[in-house]
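Asker: heads up, no residue letters with this:
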């Protein structure tokens, strides 16, 4: 994936650009993760970067190592299952994006998705399907995806019955069957599973 025309134009004006994306909106268990990735005219552009859902796990892990070499260019933020239950998934996404944005200083920020509410983020633009169109958003999606997947693999060691190492908390048949058999664990989103357990 190459830079979008918008990003090229801004970098040519010596602006810095950040992209923000969220991972883990839909799972029944585990936190929501948000990644932010910043580029400027000196940032190496990696053509294999794409929406994290379109990149294999092996390729994601490889790209993650390259994208995270410069600690000043990225950040992540997570919202726990408990917080999601307390405030709702959309407010949780918004909050995580604002927290992540506060960690990175850039001139313009692109956010993946369509949101009705305003963000407390300076100079931002929302882009539908931004993870397929905006390089910095795609890079952010890879960083968030790898970090969340690693965490869910660790959770699988604590809660082995749910198969988190494979399903990453999403509602696969195995996961739902295990949920009905064993009940929820501490990282399940109660607001997401209540209808499944009736």
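Answerer: Received, thanks. Note that the structure is a prediction, hence the values are computed from the model and not measured.
Asker: and the helices in the chain?
Answerer: For the chain, the helices defined by DSSP state H occupy 5-12, 57-67, 81-87, 89-101, 130-133, 135-158, 164-167, 173-182, 190-193.
Asker: nearest to residue 114, of these?
Answerer: helix 130-133 (9.7 Å; Cβ to Cβ). Backbone N, C-alpha and C define where each C-beta goes, glycine included.
Asker: and for that closest one, what's in contact with it?
Answerer: Residues outside helix 130-133 that contact it (Cβ atoms under 8 Å, 6 or more residues apart in numbering): 4, 19, 21, 50-54, 110-113, 127, 137-138, 141.
Asker: out of the helices of the chain, deepest packed?
Answerer: helix 135-158 (a mean of 23; mean count of other Cβ atoms under 10 Å).
Asker: on that earlier part again, neighbour-wise, which of the contacts of helix 130-133 leads?
Answerer: Most neighbours among the contacts of helix 130-133, by other Cβ atoms under 10 Å: residue 141, with 32 neighbours.
Asker: could you find the closest non-adjacent residue to residue 176?
Answerer: The shortest distance from residue 176 to any residue other than its chain neighbours is 6.2 Å, reached at residue 196 (Cβ to Cβ, 6 or more residues apart in numbering).
Asker: go on, residue 180?
Answerer: Of all residues not flanking residue 180 in the chain, residue 197 sits nearest, at 6.9 Å (Cβ to Cβ, 6+ apart).
Asker: need the helices of the chain in TSV with mean pLDDT and distance to residue 121, can you?
Answerer: Converted to TSV, the helices of the chain look like this (pLDDT from 0 to 100; distance: least, Cβ to Cβ, whole Å):
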stretch	mean pLDDT	distance to residue 121
helix 5-12	95	16
helix 57-67	96	21
helix 81-87	97	18
helix 89-101	96	5
helix 130-133	94	14
helix 135-158	97	13
helix 164-167	97	31
helix 173-182	95	34
helix 190-193	95	26
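Asker: export those helices as CSV, with columns for distance to residue 33.
Answerer: Conversion of the helices of the chain to CSV gives the following (distance: least, Cβ to Cβ, whole Å):
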stretch, distance to residue 33
helix 5-12, 23
helix 57-67, 13
helix 81-87, 12
helix 89-101, 8
helix 130-133, 14
helix 135-158, 4
helix 164-167, 14
helix 173-182, 18
helix 190-193, 16
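Asker: alright, that wraps it up for me.
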